[in-house]
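A.B. asks: What follows is a predicted protein model with its sequence.
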Amino acid sequence: MRQRLTILAGLALCLGTTPAWAIDLTTRGGFLFDISEQYDGSIGNGTIDAYDTCYGLEVNGTTYTASGGGVVDGRRVTMATAAIGQLSVTRTAFVPDEEGRDYVRYVDLIENTGTSPTTVVARYHGNLGSDSGTLVWGSSTGDDEVDARDTWYGTDDEDGSGDPSLAHAFWSASGRVRPSSASISRDNIETSFSVEVRPGETIALMVFAFQGPSRAAVQSQVEALLSNPSAAVSDLPRNEAARIVNWSVRGGALMPRVGSDELAALAAQGTLLAPEASGLASRLFEPPAVYLATLALAVRSVRERMDEAIAIAEELGGHVSSQDEATLVVRVPAGRFREALDRVERLGDVLVRRVAVQEPSERLRDLRARIRSASELRERLQRLASRAANASEAIAIQREIERLTQAIELLEGELASLEDRVLFSTIAVSFQAPSMLEEQPVARERFGLPFPWLDQLGLPRLLGLY
């Protein structure tokens, strides 16, 4: 990895500011992303002249500006937190060191520190190095126009020469929040999101900037990202990945489990969000919670409806947990649980519907506390082992260390399982075709119909008329 500090003199002169320092990160493909970590986190010039300062961020009309130096952790740059009204905004930029991933990924965390809900309008903007030669060479909608329907679009001057070919990816179709606007004017790009943020809540927006030697190479990388966006967040803590609202991503790195203030804040704030049955992203119910839905559906074709249910789960970022001839269990992101349940219900006539909700906060806190206590005790024993007076004392201490290690591993396994159930809700569906329903014995009951003449005709005959 090549890392160095450069002065963005041109940017400073244009904006009338003091010189801003940048962190240079280069991909395996040799493409440079110079991140202005002490100014606004934007890309300065990129490779050759790919950009003329791009991917700046405005929040509610105010430019995000880092006050002070950022933190560089390998390939990840975390800019200083800025206060914008009642919002606290932190930018991170990550450049992977892997073949076929020539991009910078921004994750912008926005916390509502106030006491009332607020609508956040986040605007990404910038200028391209292709200047007057800029053209749109492709997009997710297949045309050369840029609007809010495009999950991505590509820009360039000449294919294979001049400035690098670029692509800009702002959201996925399964994300909970979509752009409110997107446009390109000559060499200026802009994409905005609007989302309501509750008091104490933190949301994250994730966007990608690609560079490549040709348009085909860039498009191939963008399509790989869209087919599996979760692979692009494997380095993120799970709680940070769960806050992303404009992409549907699964997992992320395991959250720190011992002595983590971030975990405590997550449990207190309830940042694993899920939309109301209406599907509106701005109406959210309070997590963390474990959701389990059980459905029995009467359908005409078990196979067709089961395939449709699988497609719904996968479209929303979920996966199949188990499956047999007539039953299906799927896991879907907690943020899409109610949407998934509503769509699956519409696949047939609902015979049985049960939704169980478990509030795991107390158990999560208990597990973390026990892991922390056991880990601290193990560390003390490890220090004592080095000062053991004799062999028998050293052996006794080592046995206790091994016992504690096994206990910690069991607790961590339970914690990981519970965290996974919070992140991914479960929907179990039993599909029943008409032939299956006929085979099941039906308990005979005497129903009192409202009119004597209806009662004389009898319920079976009335049902036959239907």
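C.D. replies: It's in.

A.B. asks: what about Arg215, neighbour count?
C.D. replies: Using other C-beta atoms under 10 Å, Arg215 is surrounded by 19 other residues. For the C-beta atoms, the positions are set from N, CA and C on the backbone; glycine is no exception.

A.B. asks: Now do the contacts for the closest residue in space to it that isn't next to it in sequence.
C.D. replies: Spatial nearest neighbour of Arg215, excluding adjacent residues (C-beta to C-beta, 6 or more residues apart in numbering): Ser165 at 4.7 Å. By C-beta atoms under 8 Å, 6 or more residues apart in numbering, the residues touching Ser165 are Trp137, Gly154, Asp156, Asp159, Gln211, Gly212, Pro213, Ser214, Arg215, Ala217, Val218.

A.B. asks: Now secondary structure and pLDDT too, for these, in a markdown table please.
C.D. replies: Formatted as a markdown table, these follow (DSSP: H, G, I helix; E, B strand; the rest coil; pLDDT from 0 to 100):
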| residue | secondary structure | pLDDT |
| --- | --- | --- |
| Trp137 | strand | 95 |
| Gly154 | strand | 97 |
| Asp156 | strand | 95 |
| Asp159 | coil | 92 |
| Gln211 | strand | 96 |
| Gly212 | strand | 95 |
| Pro213 | coil | 95 |
| Ser214 | coil | 95 |
| Arg215 | helix | 95 |
| Ala217 | helix | 94 |
| Val218 | helix | 95 |
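
A.B. asks: and stretch 356-368, average pLDDT?
C.D. replies: When pLDDT is averaged over stretch 356-368, the result is 77.

A.B. asks: Run through the bridge partners of Tyr103.
C.D. replies: Using DSSP bridges, the beta-bridge partners of Tyr103 come out as Phe210.

A.B. asks: Could you verify my assumption that it touches Gly212?
C.D. replies: No - contact criterion C-beta atoms under 8 Å: Tyr103 and Gly212 do not qualify, at 9.2 Å.

A.B. asks: Which residues are in contact with each of those two?
C.D. replies: The contact sets of Tyr103 and Gly212 overlap at Gln221 (C-beta under 8 Å, 6+ apart).

A.B. asks: sorry, back to before: and the contacts of Ser165, which is closest to Gly348?
C.D. replies: Taking C-beta to C-beta as the measure, Gly348 sits nearest to Gly154 out of these, at 42.1 Å.

A.B. asks: residues contacting the closest one?
C.D. replies: Residues in contact with Gly154, defined by C-beta under 8 Å, 6+ apart, are Val136, Trp137, Gly138, Ser139, Ser165, Leu166, Ala167, His168, Arg215, Val218, Gln219, Val222.

A.B. asks: Of those residues, which belong to helices?
C.D. replies: Counting by DSSP state H, the part of those found in helices is Arg215, Val218, Gln219, Val222.

A.B. asks: Would you mind listing the two of these that lie farthest apart?
C.D. replies: Across these (C-beta to C-beta), the longest gap, 10.4 Å, separates Arg215 and Val222.

A.B. asks: I'd like to know how many residues surround Leu328.
C.D. replies: Using other C-beta under 10 Å, Leu328 is surrounded by 24 other residues.

A.B. asks: Quick check: beta-bridge partners of the closest residue to it other than its chain neighbours?
C.D. replies: Closest residue in space to Leu328, ignoring its immediate chain neighbours: Val429 at 4.9 Å, by C-beta to C-beta, 6+ apart. Counting by DSSP bridges, Val429 forms beta bridges with Leu295, Leu328.

A.B. asks: Need the pLDDT of Val429.
C.D. replies: So, for Val429, pLDDT stands at 93.

A.B. asks: That one touches Leu295, doesn't it?
C.D. replies: Yes - judged on C-beta under 8 Å, Val429 makes contact with Leu295 at a distance of 4.7 Å.

A.B. asks: Quickly name whichever of the ones in helices among the contacts of Gly154 is closest to Glu201.
C.D. replies: Lowest distance from Glu201 to the ones in helices among the contacts of Gly154 (C-beta to C-beta) belongs to Val222, with 30.2 Å.

A.B. asks: contacting residues for that closest one?
C.D. replies: If you count contacts by C-beta under 8 Å, 6+ apart, Val222 has them with Trp152, Gly154, Ala167, Ala169, Phe208, Phe210.

A.B. asks: Let me see the mean pLDDT of the helix or strand harbouring Ala309.
C.D. replies: If you go by DSSP states H and E, Ala309 is part of helix 302-315. Across helix 302-315, pLDDT averages out at 92.

A.B. asks: Flag every buried residue along it.
C.D. replies: Judged by neighbour count using 16 or more other C-beta atoms under 10 Å, the buried positions of helix 302-315 are Val302, Arg305, Met306, Glu308, Ala309, Ile310, Ile312, Ala313.

A.B. asks: Switch those residues over to JSON lines; also include distance to Ala389.
C.D. replies: Formatted as JSON lines, the buried residues of helix 302-315 follow (distance: C-beta to C-beta, whole Å):
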{"residue": "Val302", "distance to Ala389": "71"}
{"residue": "Arg305", "distance to Ala389": "71"}
{"residue": "Met306", "distance to Ala389": "67"}
{"residue": "Glu308", "distance to Ala389": "70"}
{"residue": "Ala309", "distance to Ala389": "65"}
{"residue": "Ile310", "distance to Ala389": "63"}
{"residue": "Ile312", "distance to Ala389": "65"}
{"residue": "Ala313", "distance to Ala389": "60"}
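
A.B. asks: Closest one to Arg76 out of these, please.
C.D. replies: After measuring those against Arg76 - C-beta to C-beta - the closest member comes out as Ala313, at 31.3 Å.

A.B. asks: Which residue, other than its chain neighbours, is closest to that closest one?
C.D. replies: Nearest non-adjacent residue to Ala313, counting by C-beta to C-beta, 6+ apart: Val330, 3.9 Å away.

A.B. asks: Relative to Ala231, how far out is the one you found?
C.D. replies: Separation of Val330 from Ala231 (C-beta to C-beta, to the nearest Å) stands at 21 Å.
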